[in-house]
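# output the structure for:
(one chain, ligands or ions: 2)
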Amino acid sequence: MRLSRYFLPTLKENPAEAQVVSHRLMLRAGMIRQTAAGIYAWLPLGYRVLRRVEAIVRAEQDRYGAIEMLMPTLQSADLWRESGRYDDYGKEMLRIRDRHERDLLYGPTNEEMITDIFRNSIKSYRDLPKNLYHIQWKFRDEVRPRFGLMRGREFLMKDAYSFDVDYAGAVRSYRLMMCAYLSTFARMGLKAIPIAADTGPIGGDLSHEFHILADTGESQVHADPALLELEAETPGPEDDIDSFYEAVTRRYSAADEKHDPAKCPLTADQLVSRRGIEVGQIFYFGTKYSKPLNAVVTGPGGDSIPVEMGSYGIGVSRVAAAIIEASHDDAGVIWPDSVAPFGVGLINLKAGDAKTDEAAEHIYQALSGAGLDILYDDRDERPGGKFADMDLIGLPWHLIVGPRGLAAGTVELKRRATGERNELSVESALARLTEAPRPVSLG
Ligand code: ATP
Ligand code: MG
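Ligands and ions are numbered 1, 2, ... in the order given. This is a model prediction of the structure:
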């Protein structure tokens with residue numbers, strides 16, 4: 001992509017409304033714009049990140065056996081009356097009435113709808129287990145939407161729902177999703193800590209939240225430091241999930257409300273105690289929805305069994321922001337390779353100069369031809385402004401082409417994360433970039 005033809009409205013000044021770094025940098029880097037309180041438009045650069053995050057979430061859900069579908073954002077109130085949640089959910093639910101005076105709502109979550117689809121389609125234990133998910137916008141009318149994408153009103157969520165014939169099956173589904181989550185966040189360059197949690201309005205009796213450590217997190221978490229190293233050991237779907245799950249859940253972790261130093265096997269200085277951002281949560285809730293909605297299957301003996309369920313959410317849009325909270329410096333964002341909007345930023349230091357244009361164009365074509373996603377800054381601007389923009393939007397590699405280097409036969413390659421710079425021949429720069437890890441494909 002040539003920057004001169006792209007839509008990248010960056011801001012020089014810090015927007016006054018932004019209190020946290022992700023909100024500030026997403027506005028400044030031209031990734032998002034607010035359209036109403038807690039509601040955002042994703043501009044082209046931001047949308048690429050959102051889609052990369054989504055692609056990783058999707059790949060890991062698929063890998064651990066969940067099946068993708070898509071449910072609508074609008075739901076009928078009647079289903080929620082069946083579960084009893086229409087009245088329980090409170091003001092966070094956006095209620096809508098259509099022209100026929102029928103009550104609808106913009107879904108804050110989908111337990112009722114998926115249970116309805118399930119009960120109308122699956123009748124036998126032989127069709128289980130099943131885990132169905134979708135990636136869809138949710139609406140929760142938060143009292144105080146704040147921190148940009150971190151606590152919006154409309155936000156993108158991946159929510160999966162598992163159906164099993166018995167408790168043992170449900171536990172296996174739950175454990176598979178825990179592994180999927182750890183591996184998902186690790187692929188995004190994040191260290192996510194599983195924390196035993198209360199179940200809240202979803203209900204049930206087993207739940208874990210996944211937290212990213214960052215100063216702007218809304219909760220205080222306390223954890224065994226070993227939980228920060230899980231990604232190296234996370235088993236695949238065919239491996240020994242149970243031993244891993246037990247090893248993980250044996251380690252101490254708690255959010256502030258549940259943290260009890262007297263019950264914690266580690267002393268205060270052995271614990272990691274920091275702010276955490278909740279990027280996901282998983283629940284086992286048994287028959288909480290299948291009983292009232294009568295979602296039953298026929299068991300081996302012909303008896304009617306209410307299915308055992310769990311639900312598994314990831315805040316896809318919150319994750320995009322949380323990555324920035326965990327990975328930035330004073331100059332801007334530092335994207336991990338896998339989710340970067342473009343893998344390489346190519347800077348032409350003297351647009352309009354025939355030799356420089358020719359060399360930059362050659363590099364742009366060669367890298368594009370090798371399948372890399374490049375943002376080529378071909379604008380006729382001063383180098384200082386180009387460097388600042390490139391640092392702000394935080395692409396992992398910057399390749400700088402200027403007349404002085406070219407005269408000596410070199411270009412400069414900079415790694416955004418470390419600031420390390422190398423003068424290389426064009427050929428070796430191209431070779432380095434073609435071999436380097438790339439953002440996940442946008443498909
Ligand atoms: P929170 O405690 O932050 O309000 P929650 O526990 O109500 O979140 P869940 O029902 O567990 O949220 O939803 C699954 C995921 O969706 C959360 O882990 C979070 O990452 C994301 N999420 C929830 N609410 C919001 C929001 N208002 N804006 C952005 N993401 C959200
Ligand atoms: Mg939660």
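# quick one: residues in contact with the helix or strand residue 210 falls within.
Using DSSP states H and E, residue 210 falls within strand 206-213. Applying CB atoms under 8 Å, 6 or more residues apart in numbering, the contact partners of strand 206-213 are 174, 178, 181-182, 185, 190-199, 217, 219, 221, 228, 255, 272, 274-284, 322, 325-326. C-betas here are computed from N, CA, C, even on glycine.
# what about the closest residue in space to residue 92 that isn't next to it in sequence, distance to residue 152?
Spatial nearest neighbour of residue 92, excluding adjacent residues (CB to CB, 6 or more residues apart in numbering): residue 140 at 4.6 Å. According to CB to CB, to the nearest Å, residue 140 and residue 152 sit 9 Å apart.
# who has more neighbours out of the two?
residue 152 (25 against 21; other CB atoms under 10 Å).
# state the phi and psi torsions of the more buried one.
phi -90, psi -180 (degrees, to the nearest 10).
# might one say that it is in contact with residue 40?
Yes - between residue 152 and residue 40 a contact is recorded at 6.3 Å, counting by CB atoms under 8 Å.
# so residue 181 sits in a helix?
Yes - according to DSSP: H, G, I helix; E, B strand; the rest coil, residue 181 belongs to a helix.
# and stretch 84-97, how far out from the chain's middle?
Taking the mean of its C-alpha atoms, stretch 84-97 sits 26 Å from the chain's own mean (CA atoms, centre = their mean, to the nearest Å).
# what does that stretch rub up against?
Against stretch 84-97 from outside (CB under 8 Å, 6+ apart): 74, 77, 80, 103-106, 108, 112, 139-143, 201, 292.
# stretch 22-35 now?
Counting by CB under 8 Å, 6+ apart, 7-12, 14-15, 17-18, 40-43, 45-46, 49, 147-150, 216, 321-322, 324-325, 328, 332-333, 392-394 sit against stretch 22-35.
# which among these count as buried?
For those, a neighbour count by 16 or more other CB atoms under 10 Å gives the buried set as 8, 10, 18, 40, 42-43, 45-46, 49, 147-150, 216, 321-322, 324-325, 328, 332-333, 392-394.
# narrow these to those in helices?
Mapping the buried ones among the contacts of stretch 22-35 onto helices (DSSP state H) picks out 45-46, 49, 321-322, 324-325, 392-393.
# closest to residue 233 among those residues?
Residue 233 has its nearest neighbour among those in residue 322, at 22.6 Å by CB to CB.
# got the contact list for that closest one?
For residue 322, the contact set (CB under 8 Å, 6+ apart) comprises 22, 150, 190, 212, 214, 277, 279.
# residue of the stretch 251-400 of the chain nearest ligand 1, please.
Nearest residue of the stretch 251-400 of the chain to ligand 1 (CB to the nearest ligand atom) works out as residue 315 at 2.3 Å.
# ramachandran coordinates for residue 383?
phi -50, psi -40.
# ok, it touching residue 349?
Yes - Residue 383 is in contact with residue 349 according to CB under 8 Å; the separation is 5.1 Å.
# residues of the stretch 101-250 of the chain that sit close to ligand 1?
109, 140, 142, 151-152, 155, 157, 200 (CB under 6 Å from any ligand atom).
# dihedrals phi and psi, residue 63?
The phi/psi pair for residue 63 (degrees, to the nearest 10) reads phi -60, psi -40.
# count of residues packed around it?
Neighbours of residue 63 (other CB under 10 Å): 15.
# what's the distance between it and ligand 1?
20 Å (CB to the nearest ligand atom, to the nearest Å).
# how about that residue: what's its closest non-neighbour residue?
residue 237 (6.3 Å).
# quick check, that neighbour in a helix?
No - under three-state DSSP, residue 237 sits outside any helix and is assigned coil.
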